[in-house]
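**Student:** starting from these lines, generate the structure:
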Amino acid sequence: MLDKKFVRRGLFLVFLILLLDIMGIAIIVPVLPSYLQELTGANVGEAAIEGGWLLLVYSGMQFLFAPVIGNLSDRFGRRPILLASVLTFAIDNLICALATSYWMLFVGRILAGISGASFGTASAFIADVSDDSNRARNFGLIGIAFGTGFALGPVIGGLLGELGPRVPFYGAAALSFVNFAIGLFMLPETLHPANRRRFEWHRANPLGALKQMRSYPGIGWVGLVFFLYWLAHAVYPAVWSFVSSYRYGWSEGQIGLSLGIFGVGGALVMAVVLPRVVSQLGERRTATLGLVFTALGMAGYAAAWQGWMVYAVIVATALESLADPPLRSIASVHVPPSAQGELQGALTSISSITTILGPLLFTQIFALFTGPAAGYSFSGAPYAVAACLIVASLPCSCCGCGTSTPVHFRMPSRLR
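**Tutor:** Predicted coordinates:
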């Protein structure tokens, strides 16, 4: 049995690391357009394209290197990889703050993508200290950190941006260095030496990691659900602001407010509702319930022809946040401790694919149904397509996930 003080301290610290990391990402969002215009002299349309290339490079590097980072954490432990990732993210933000050319930003984004920030290793850390009674609830901390970080980050970034478009990058770097200091002095190691395995290059690549995951019964179905789920969720960053300004005439402040409320709602559901629902329904049914509400929410956004309806849909379908944590828990229970980092690296690679494909898919659908050649104007079409993707994932969730025998292992004596 895990020592409760050890678990609480570890979970609190990894939550804090995730929160500060996500705030560091979100803090630059309000000033990115003006910063790119200042740096490159481009107009807002050209700056949006340049920002898209930066996102593509970041996602591409994550896709290629997330399995490497995950396998390294299975070899050397979670703590050193987390610390290295956080420190690299701090260096990335410093490079962006000091950049004198657009190409310097590429260097920073490549570094950030390779490090994978701290998300995948933090997920493996959580899996290490969790058991059947609290695994889904503990994975909910990731969602709470995301919701809170993306609610606070843009507000802080907007305030710092009043001092200049580079200031939020310095703020993000400062948060990352604080993050590193906290981890350096306080973060425990959770992967016992007995559960470590040697690093193997044939497993430390996207195809190798995904192939290795197929050897664990039930993981393939979970991976497919994750792919469809994350691809559908890419609709939010891809077209939320475009649909809101086109359909409702919202300002930047109104768009930011809606996203903030969306994030806070998700954080509250994972903090308050998730533990109670999982204890009553179990992980598979909770994940399915979350997917159903996700589909309903996206269908609601597609149908919302007035701005106030968006807020009604956010409130009515906030339970969509129930899907991700139990799915992660179902995946982790089928994989031994020596492969948790590899699992999270493989999942990060799947996520990275969707962040590349999603914006391309949903922005094209938006343009198709709102452009001058559109036979029928329907700006909610991207949300309708996203809802269909979630519906397609439901049979996999109901029939494939959670049906295999979990991997059991003996806990090292130090953690009992």
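
**Student:** restricting to C-alpha, output whatever helix or strand D21 lives in in PDB.
**Tutor:** D21 belongs to helix 4-26 when assigned by DSSP states H and E. Presented in PDB, the C-alpha positions along helix 4-26 are these (Å, rounded to 0.1, in the frame of the first residue of the first chain):
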ATOM      1  CA  LYS A   4      -0.500   8.400   2.000                       C
ATOM      2  CA  LYS A   5       1.800  11.300   2.800                       C
ATOM      3  CA  PHE A   6       4.100  10.400  -0.100                       C
ATOM      4  CA  VAL A   7       1.200  10.200  -2.500                       C
ATOM      5  CA  ARG A   8      -0.400  13.500  -1.300                       C
ATOM      6  CA  ARG A   9       2.900  15.400  -1.600                       C
ATOM      7  CA  GLY A  10       3.600  13.900  -5.000                       C
ATOM      8  CA  LEU A  11       0.200  14.700  -6.400                       C
ATOM      9  CA  PHE A  12       0.200  18.200  -5.000                       C
ATOM     10  CA  LEU A  13       3.600  19.000  -6.500                       C
ATOM     11  CA  VAL A  14       2.800  17.500  -9.900                       C
ATOM     12  CA  PHE A  15      -0.500  19.400 -10.000                       C
ATOM     13  CA  LEU A  16       1.400  22.600  -9.200                       C
ATOM     14  CA  ILE A  17       4.000  21.900 -11.900                       C
ATOM     15  CA  LEU A  18       1.200  21.200 -14.400                       C
ATOM     16  CA  LEU A  19      -0.700  24.400 -13.400                       C
ATOM     17  CA  LEU A  20       2.300  26.600 -13.700                       C
ATOM     18  CA  ASP A  21       3.300  25.000 -16.900                       C
ATOM     19  CA  ILE A  22      -0.200  25.500 -18.500                       C
ATOM     20  CA  MET A  23      -0.300  29.100 -17.200                       C
ATOM     21  CA  GLY A  24       3.000  29.600 -18.900                       C
ATOM     22  CA  ILE A  25       1.500  28.400 -22.200                       C
ATOM     23  CA  ALA A  26      -1.700  30.300 -21.900                       C
END
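
**Student:** ok, residues contacting that helix?
**Tutor:** Residues outside helix 4-26 that contact it (C-beta atoms under 8 Å, 6 or more residues apart in numbering) are 82, 86, 89, 93, 117-119, 122, 125-126, 129, 138, 141-142, 144-146, 148-150, 152-154, 156-157, 171-173, 175-176, 178-179, 182-183, 186-188, 190, 415. (C-beta placed from N, C-alpha, C; glycine too.)

**Student:** what residues of that helix count as buried?
**Tutor:** 7, 10-11, 13-26 (16 or more other C-beta atoms under 10 Å).

**Student:** again with stretch 352-368
**Tutor:** Here stretch 352-368 shows 352-356, 358-359, 361-363, 365-366 as buried, counting by 16+ other C-beta under 10 Å.

**Student:** out of those, flag the one nearest to L327.
**Tutor:** T354 (14.2 Å; C-beta to C-beta).

**Student:** contacting residues for the closest one?
**Tutor:** By C-beta under 8 Å, 6+ apart, the neighbours of T354 are 227, 230-231, 233-234.

**Student:** related to what we said a few turns ago, out of the contacts of helix 4-26, which are buried?
**Tutor:** Buried among the contacts of helix 4-26 (16+ other C-beta under 10 Å): 82, 86, 89, 93, 117-119, 122, 125-126, 129, 138, 141-142, 144-146, 148-150, 152-154, 156-157, 171-173, 175-176, 179, 183, 187, 190, 415.

**Student:** surely V155 and L257 touch.
**Tutor:** No: the criterion here is C-beta atoms under 8 Å, and V155 misses it with L257 at 10.0 Å.

**Student:** so what's the residue count around the residue nearest to V315 when sequence neighbours are not counted?
**Tutor:** Spatial nearest neighbour of V315, chain neighbours left out: G265 (7.0 Å); criterion: C-beta to C-beta, 6 or more residues apart in numbering. By other C-beta atoms under 10 Å, the residues close to G265 number 20.

**Student:** and if you look at S133?
**Tutor:** With other C-beta under 10 Å as criterion, S133 counts 10.

**Student:** so is it in a helix, a strand, or just coil?
**Tutor:** coil (DSSP: H, G, I helix; E, B strand; the rest coil).

**Student:** next, give phi and psi for it.
**Tutor:** Dihedral angles phi and psi of S133 (degrees, to the nearest 10) take the values phi -80, psi -20.

**Student:** what pLDDT does it get?
**Tutor:** pLDDT for S133: 72.

**Student:** now do V68
**Tutor:** V68 is assigned 84 on the pLDDT scale.

**Student:** so it versus S85, what's the distance?
**Tutor:** 12 Å (C-beta to C-beta, to the nearest Å).

**Student:** which of those two has more neighbours?
**Tutor:** The residue with more neighbours, out of V68 and S85, is S85; 28 against 20, by other C-beta under 10 Å.
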